[in-house]
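In: got a structure for you, letters missing:
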């Protein structure tokens, strides 16, 4: 077996830790038979329990559907018996009961969009299986507690930008001055 962190080949398959970096190899050995799936997830995933809102909406829908089919059937049966429309009212009542149950479920019962009480967290993989953290591109802060408003950028040395006359310029000035004096 090779260490997944440093790549060192282990002398024995029974090694629990890498001899170079100390990585825990027991967990890796447990993942190999399941092709990388943790044992907690190796079996079928259990479906999440249905919310009361969904259960109520499903019951309301079933009652409404039953009422839609029951009303015409009971209406025809009441015509055969000789009491026109009296039994059809039962189908209408079942339909309305389903409608009210559906509305109650959608308005008042807890569902996925209402705040649920805090539930315990699910499976969290150990830190050794977590993706490695990216190192920050910025260096760590040097001083703590220095306010930003007190920052003054460093002054630029402007001596390089100052005018520097050429070597011949002073000679040219002297010649110009001599010419001006001789012309007077």
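Out: Received the coordinates, thanks. As the structure is a computational prediction, the values presented were derived from the model and not from experiment. Numbers count the residues shown, from 1 in each chain.

In: quick one, longest helix in this protein?
Out: Of all the segments of type helix in the chain, defined by DSSP state H, the longest one is helix 52-81.

In: which strands and helices sit next to that helix?
Out: Under the contact criterion of 3 or more Cβ pairs under 8 Å, 6 or more residues apart in numbering; DSSP states H and E, helix 52-81 touches helix 88-108. In this view, the C-beta of every residue, glycine as well, is placed from N, C-alpha and C.

In: before we move on, the earlier item: pLDDT of the longest helix of the chain, averaged?
Out: Across helix 52-81, pLDDT averages out at 92.

In: also stretch 166-177?
Out: Computed over stretch 166-177, the mean pLDDT rounds to 83.

In: show me where this structure has strands.
Out: Using DSSP state E, the chain contains no strands.

In: can you give me the helices in it?
Out: 26-31, 39-42, 52-81, 88-108, 167-183.

In: list the buried residues in the longest one.
Out: Buried residues in helix 52-81, counting neighbours by 16 or more other Cβ atoms under 10 Å, are found at 53, 56-57, 60, 63-64, 67, 70-71, 74-75, 78.

In: burial count for residue 105?
Out: Neighbourhood size, residue 105 [other Cβ atoms under 10 Å]: 22.

In: likewise residue 24?
Out: Close neighbours of residue 24, defined as other Cβ under 10 Å, add up to 14.

In: and for the one 10 residues further on?
Out: The number of residues packed near residue 34 is 12, by other Cβ under 10 Å.
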